[in-house]
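[1] Dropping a prediction and its sequence here:
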Amino acid sequence: MCYDKFQYLNRVKQAMQGKSKVGSALQRAGGRCKPAGRRPESPPKPAPETAMRPVKENGRFRYKPVKRVPEVLLFPAGIKMGGNAGTTSRPSMGREDFLYAEEDEHMEEKQYLMLPGPTPVPPRLLRAMAKPMINHRGPEFKALYEEVIEGLKEVFRTKNDVFIYTAAGTGAMEAAVANFVSPGDKVLVVSIGVFGNRFASIAGRFGAQVEKLDFTWGTAADPDALAERIRADEKKEIKAVFVTHNETSTGVTNDLKALRAALGDHPALFIVDSVSGLGAMELETDLWNLDVVVAGSQKSFMIPPGLSFIAVGPRAWEARAKCRNACFYWDVEAARKSAEKGQTPFTPAIPQIAALAEALKMMRAEGLENIFARHRRLREMTRRGIKAMGLKPLAADDVASAAVTAVLAPEGLEANAIRRVLLKEFNVVVAGGQQSLDNKIFRIGHLGHVGDLEIIAVLAALEMALNRCGFKVELGKGVKAAQEVSLAALSGERGV
Ligand SMILES: Cc1ncc(COP(=O)(O)O)c(C=O)c1O
């Protein structure tokens with residue numbers, strides 16, 4: 001017999017409530033049925049264990065123990081289910097998942113979230129977020145806050161002050177402008193894509209005179225060009241230089257150290273957006289004299305969106321003291337005063353901070369250098385894989401990001417069509433192109449809690465998706481190229 005999804009779920013429900021024959025037999029026996037087609041040789045024994053399932057009560061889910069559902073009901077032949085419904089008869093969910101499916105219309109499935117943020121959240125961090133709430137003005141929070149600030153300083157590689165905002169990365173970008181730039185100040189924004197442009201827009205909103213140093217999307221900023229512009233500023237009018245570390249929209253990483261060196265001893269502040277870079281690639285706040293650095297939670301830190309971080313150095317504090325711009329929520333002075341008490345000025349996202357504490361432990365255990373090496377290897381696997389399929393990355397090898405690879409859609413194919421097939425057929429989520437790159441590129445994130453096998457899986461799906469879109473790719477070519485990188489790294493043959 002063949003069921004559609006809702007008939008099937010209804011049967012599961014009836015069975016659980018004892019309204020069907022199988023269900024009431026199960027309830028009487030208190031046990032598990034044998035799979036279809038086999039008769040039990042002896043009466044079923046009571047189930048040795050129960051499963052926990054979410055039950056809705058007064059609009060909220062609680063976990064309750066339930067008897068297991070007879071297996072005869074779990075995989076009826078030919079059932080079509082989940083996100084692949086209508087496209088394939090492959091059951092894509094596990095048995096436990098089915099217990100929950102009744103309550104969850106969306107049918108949580110294994111999804112390959114290959115975005116440059118939000119990135120996959122490890123279960124350990126999800127569990128940390130489920131802890132009971134604590135007082136954000138109490139001693140428990142103080143201990144938690146001090147622990148995460150200490151850990152963040154290790155990742156920022158700084159002794160400077162680091163603060164946490166309950167905000168998206170853009171919030172910290174706005175803080176990096178509002179606290180240090182006054183109306184009328186001349187600022188130089190180095191832009192190689194969407195996020196460089198965002199810094200320019202924010203600075204403009206806060207009354208700065210914005211000059212842009214633009215580079216073609218897909219390329220990195222040229223430190224010599226910056227040095228030349230800085231040399232031309234004989235009167236030292238430029239108050240701040242804004243730079244994106246890792247331009248997520250194009251998959252390009254700027255040479256931050258060289259760009260900072262290009263500033264020399266010019267008094268302008270050097271303000272960095274490393275929202276998608278910090279924790280995945282090298283960044284030395286103190287060694288490179290970075291005055292302000294901002295980052296976000298949903299990238300290399302592996303936690304859900306909602307937190308952003310800012311590191312503020314001594315020169316930036318001097319600029320803060322003279323700044324004439326108004327800010328309230330973003331005020332780093334207020335953050336500093338609260339930090340002395342182990343607090344944030346406003347109610348923080350406590351679950352995210354609890355997850356951050358766990359994330360920092362994971363990062364410490366893996367080691368920053370190893371994390372960077374893993375990201376470089378994932379980049380190499382991705383780039384070799386897509387090139388072997390006959391695709392081209394947007395960025396050249398020497399400036400390619402270790403966090404995200406932007407891939408040009410092949411001639412005559414829409415990038416978003418490839419993304420649609422990846423999602424519909426394989427549950428693989430990759431990012432699209434932004435603004436002028438929309439539909440021209442797709443972006444494979446390899447950031448945060450991602451390993452070699454995920455890259456291999458995504459490349460396998462991409463090979464099939466391209467064939468489904470009419471772009472012939474020899475199956476296994478991209479996968480093999482990526483496997484070779486992974487294998488070579490295991491054998492220590494390549495420095496990736
Ligand atoms: C480089 C960069 N800067 C800033 C942002 C903005 O972060 P959010 O979307 O959390 O505001 C992003 C987000 O992707 C980013 O990649």
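    Sure thing, it's come through.

[2] Distance of residue 215 relative to the ligand?
    As judged by C-beta to the nearest ligand atom, to the nearest Å, residue 215 and the ligand stand 15 Å apart. C-beta here means a position set from N, CA and C on the backbone, and glycine is covered the same way.

[3] Let me see the contact set for the residue nearest to that residue when sequence neighbours are not counted.
    Nearest residue to residue 215, sequence neighbours excluded (C-beta to C-beta, 6 or more residues apart in numbering): residue 192, at 4.7 Å. For residue 192, the contacting residues are 214-217, 219-221, 244, 247, 250, 252, 254, taking C-beta atoms under 8 Å, 6 or more residues apart in numbering as the criterion.

[4] Then residue 387?
    With contacts taken as C-beta under 8 Å, 6+ apart, residue 387 has the following neighbours: 393, 481.

[5] Domain map for the chain?
    Described in terms of automatic domain parsing, the domain architecture of the chain consists of the residue ranges 5-89, 123-364, 368-490.

[6] Figure out which of those domains is closest to residue 112.
    Relative to residue 112, the nearest member of the domains of the chain by C-beta to C-beta is domain 368-490, separated by 4.3 Å.

[7] Just checking that closest one against the ligand, any contact.
    No: counting by C-beta under 6 Å from any ligand atom, the ligand has no neighbours in domain 368-490; the shortest distance is 8.4 Å.

[8] model confidence over that domain, on average?
    Domain 368-490 shows a mean pLDDT of 98 in the predicted model.

[9] Measure how far that domain is from the centre of its chain, please.
    Domain 368-490 has its average C-alpha position 16 Å from the chain's average C-alpha position, going by C-alpha atoms, centre = their mean, to the nearest Å.

[10] now do stretch 134-152
    On the basis of C-alpha atoms, centre = their mean, stretch 134-152 is displaced by 24 Å from the centre of the chain it belongs to.

[11] try stretch 283-294
    Centroid separation between stretch 283-294 and its chain, computed with C-alpha atoms, centre = their mean, is 22 Å.

[12] and that stretch, C-alpha only, in CSV?
    Taking C-alpha atoms only, stretch 283-294 is exported to CSV below (Å, rounded to 0.1, in the frame of the first residue of the first chain):
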residue,chain,number,x,y,z
LEU,A,283,44.5,38.0,11.7
GLU,A,284,46.9,39.6,14.2
THR,A,285,45.2,42.6,15.8
ASP,A,286,48.1,43.6,17.9
LEU,A,287,51.0,42.6,15.7
TRP,A,288,49.5,44.3,12.7
ASN,A,289,48.4,47.4,14.6
LEU,A,290,44.7,47.1,13.7
ASP,A,291,42.9,49.8,15.6
VAL,A,292,39.4,48.5,15.4
VAL,A,293,38.3,45.0,14.3
VAL,A,294,34.7,43.7,14.0
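
[13] what comes into contact with that stretch?
    Contact partners of stretch 283-294, identified using C-beta under 8 Å, 6+ apart, comprise 156-160, 169, 172-173, 175-176, 180, 245, 256-257, 260, 269-275, 277-278, 308-313, 315-316, 319.

[14] which of the residues in it are buried?
    Of the residues in stretch 283-294, those scored as buried under the neighbour-count criterion (16 or more other C-beta atoms under 10 Å) are 283, 285, 288, 290-294.

[15] Where does pLDDT dip in this structure?
    The model of the chain has pLDDT under 70 over residues 1-109, 493-496.

[16] Spatially central residue in it, please.
    When the chain is reduced to its mean C-alpha position, the closest residue under C-alpha atoms, centre = their mean turns out to be residue 119, at 2.3 Å.

[17] if we can go back for a sec, for PyMOL, write a command that selects the buried ones of the contacts of residue 192.
    Restricted to buried positions by 16+ other C-beta under 10 Å, the PyMOL selection for these reads:
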select buried, resi 215+217+219+220+221+244+247+250+252+254
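
[18] The contacts of residue 192: which two are farthest apart?
    Pairwise distances across these peak at 14.4 Å for 216 and 244 (criterion: C-beta to C-beta).

[19] can you list the residues of the stretch 151-300 of the chain near the ligand?
    Of all the residues in the stretch 151-300 of the chain, those lying near the ligand are 168-170, 173, 195, 244, 246, 248, 273, 275-276, 296, going by C-beta under 6 Å from any ligand atom.

[20] Which ones among those lie within helices?
    The helices, defined by DSSP state H, take in 169-170, 173, 195 from these.

[21] any chance of those residues in TSV, plus distance to residue 358 and neighbour count?
    Listed next are these as TSV, based on distance: C-beta to C-beta, whole Å; neighbours: other C-beta atoms under 10 Å:
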residue	distance to residue 358	neighbour count
169	20	26
170	25	17
173	26	27
195	28	22
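
[22] circling back: who's in contact with the residue nearest to the centre of the chain?
    Listed by C-beta under 8 Å, 6+ apart, the contact set of residue 119 reads 113, 298-300, 302, 445, 447-450.

[23] Where does it sit: helix, strand or coil?
    State at residue 119, reduced to three classes by DSSP: H, G, I helix; E, B strand; the rest coil: coil.

[24] separation between it and the ligand?
    Between residue 119 and the ligand the distance, using C-beta to the nearest ligand atom, works out to 11 Å.

[25] if I pick the residue nearest to that residue when sequence neighbours are not counted, what's in contact with it?
    If the residues on either side of it in the chain are set aside, residue 119 comes closest to residue 448, at 3.4 Å by C-beta to C-beta, 6+ apart. Residue 448 sits next to 117, 119-120, 280, 299-302 when contact means C-beta under 8 Å, 6+ apart.

[26] just checking, residue 448 is part of a helix?
    No: under three-state DSSP, residue 448 sits outside any helix and is assigned coil.

[27] Mind jotting down where the helices sit in the stretch 51-200 of the chain?
    Per DSSP state H, counting those that start in this stretch, the stretch 51-200 of the chain carries helices over the ranges 71-74, 95-101, 123-129, 139-156, 169-178, 194-205.

[28] Show me the one of those helices that comes nearest residue 483.
    Counting by C-beta to C-beta, residue 483 lies closest to helix 123-129 out of those; the figure is 26.5 Å.

[29] Packing partners of that closest one?
    Packed against helix 123-129, as judged by 3 or more C-beta pairs under 8 Å, 6 or more residues apart in numbering; DSSP states H and E, are the following elements: helix 350-366.
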